[in-house]
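Asker: Attaching a predicted model along with its sequence, questions to come.
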Amino acid sequence: NAGVTQTPKFRVLKTGQSMTLLCAQDMNHEYMYWYRQDPGMGLRLIHYSVGEGTTAKGEVPDGYNVSRLKKQNFLLGLESAAPSQTSVYFCASSSPFREQFFGPGTRLTVL
Amino acid sequence: KQEVTQIPAALSVPEGENLVLNCSFTDSAIYNLQWFRQDPGKGLTSLLLIQSSQREQTSGRLNASLDKSSGRSTLYIAASQPGDSATYLCAVSLISSGSARQLTFGSGTQLTVLP
């Protein structure tokens, strides 16, 4: 039982490049979330999903897109990376109305 | 907008001491409150979840209390150990956030337990 896993762990991009972050969970959770963590700003919700095929915007969605084609996977995409997107990205999952479980994070640097 | 505040931002205590971490929130219409720990360069580990109808939850040396009316929660750590050194985060989910129960996080308290 791996819990929540994230790929990759580290990534360096140049401004304007694109990439996709992958989150996978093996707990059969309905809900999945993407957060970013920045010094002085805490954790902020980017997008979330309440089930396969559904997504919704969180607090800071601009510049990101997401997809939930399979229940166990939640993808976060950056179409044209900007230095302001340098951050640590965390994925989380939960059952409805229950505690959230977090992945180990992806450290992204945009030059 | 819900705001979550954690004071102090940093705390250093000698090993064996009992300690209390504080969390306050501005909107009392919460669904639940969750405490996490985060080790440097790592993800968040869930410690305790308190539903809005509960007053406290306990797990081992940890005890979390919730007072919705005053907008406060405390995390009590008994007999602290160097391995407890980490950043502790509290997060609340608002009833108004809908079915997803999105979390709003505090900035955390960085705890150092000295041997």
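Answerer: Yes, it's here.
Asker: Show me which residues of chain A are close to chain B?
Answerer: A:4, A:31, A:33, A:40, A:42-45, A:48, A:50, A:56, A:58-59, A:90, A:92, A:94, A:96-105 (CB under 8 Å from any CB of the partner chain). Using the backbone N, CA and C atoms, a C-beta is placed for each residue, glycine as well.
Asker: In ChimeraX, select just the buried ones from those.
Answerer: Buried subset of the residues of chain A next to chain B, written as a ChimeraX selection, criterion 16 or more other CB atoms under 10 Å in any protein chain shown:
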select /A:4,31,33,42,43,45,48,50,58,90,92,94,98,99,100,101,102,103,104,105
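Asker: burial count for residue 15?
Answerer: You didn't pick a chain, so chain A it is. 11 (other CB atoms under 10 Å in any protein chain shown).
Asker: oops, I was thinking of chain B
Answerer: B:Glu15: 13 neighbours (other CB under 10 Å).
Asker: My guess is it contacts B:Pro115. True?
Answerer: Yes - between B:Glu15 and B:Pro115 there is a contact under CB atoms under 8 Å: 5.5 Å.
Asker: can you list residues touching both of these two?
Answerer: Listed contacts common to B:Glu15 and B:Pro115 are B:Pro82; contacts here mean CB atoms under 8 Å, 6 or more residues apart in numbering or on different chains.
Asker: what sits against the most centrally placed residue in chain A?
Answerer: Nearest to the mean C-alpha position of chain A, by CA atoms, centre = their mean, lies A:Trp34 at 3.2 Å. Going by CB under 8 Å, 6+ apart, A:Trp34 touches A:21, A:23, A:45-48, A:58, A:64, A:66, A:74, A:76, A:89-91.
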